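Novice: need a structure here:
(one chain, ligands or ions: 1)
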Amino acid sequence: MHTVFVYGTLKRGFRLHDHMEGARFLAEGVLHGHRMHKITWYPAICADPEYRVYGELFEVDDAILEVLDEVEDRGILYERHLKTVDVLSLNHSGSIEMSEGSGPISEQIQAFVYIYMHPLEDGLIASGRFEK
Ligand code: PCA
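Specialist: Below is the predicted model:
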């Protein structure tokens with residue numbers, strides 16, 4: 001199994017989420033050191049120490065990851081990189097165990113992230129949150 005961090009159209013309720021069918025939601029997450037831009041109807045991110053990106057963590061199998069690579073035009077638009085993502089919230093039945101007490105748990109997880117392969121200039125989303 002693999003962990004992926006999605007920050008755009010693959011999130012729950014967004015345009016390409018259907019391609020995540022069979023994926024298990026783990027938690028909300030934040031990726032530090034990356035900056036978000038709006039391309040057209042979808043976002044993209046690149047490395048930038050000044051910014052952060054918010055998204056969702058899922059557990060996926062080989063087959064789903066293969067579908068996502070295709071949907072995201074891996075090798076053409078995005079490259080898939082393993083990144084360290086901070087876990088912000090957890091689902092109660094997730095494999096990431098809840099610790100005692102409530103509130104967000106500070107924990108990190110290694111996850112695949114689709115990083116844009118081309119320069120990003122216009123359409124900065126400074127908040128790091130892709131919204132409809
Ligand atoms: N889909 C992928 C990368 C950008 C996009 O719109 C995602 O949601 O993470």
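Novice: Give the helix, strand or coil label for the residue in the chain positioned nearest to the ligand.
Specialist: For the chain, the residue closest to the ligand is residue 8, as judged by CB to the nearest ligand atom, at 2.7 Å. All C-beta spots, glycine's among them, are computed from the backbone N, C-alpha and C. Three-state assignment for residue 8 (DSSP: H, G, I helix; E, B strand; the rest coil): coil.
Novice: residues near the residue nearest to it when sequence neighbours are not counted, how many?
Specialist: Leaving aside its sequence neighbours, residue 8 sits nearest to residue 43 (CB to CB, 6 or more residues apart in numbering; 4.2 Å). Per other CB atoms under 10 Å, the neighbour tally for residue 43 reads 23.
Novice: Tell me who's in contact with residue 43.
Specialist: 7-9, 36-37, 125, 130 (CB atoms under 8 Å, 6 or more residues apart in numbering).
Novice: Wait, the residue of the chain closest to the ligand touches residue 40, no?
Specialist: No - here residue 8 does not reach residue 40: they are 11.5 Å apart, not a contact under CB atoms under 8 Å.
Novice: Give me the more crowded residue out of those two.
Specialist: Taking neighbours as other CB under 10 Å, residue 8 and residue 40 compare with residue 8 leading, 22 against 6.
Novice: check contacts around that one.
Specialist: 14, 42-44, 55, 130 are the contacts of residue 8 under CB under 8 Å, 6+ apart.
Novice: and residue 62, backbone torsions?
Specialist: phi -60, psi -40 (degrees, to the nearest 10).
Novice: And the pLDDT at the nearest residue to it once chain neighbours are set aside?
Specialist: Nearest residue to residue 62, sequence neighbours excluded (CB to CB, 6+ apart): residue 2, at 7.6 Å. We have a pLDDT of 95 for residue 2.
Novice: What is the neighbour count of residue 2?
Specialist: 17.
Novice: In this model residue 65 seems to touch it, though I could be wrong.
Specialist: Yes - between residue 2 and residue 65 there is a contact under CB under 8 Å: 5.4 Å.
Novice: shared neighbours of the two, anything?
Specialist: With CB under 8 Å, 6+ apart as the test, residue 2 and residue 65 both reach residue 112.
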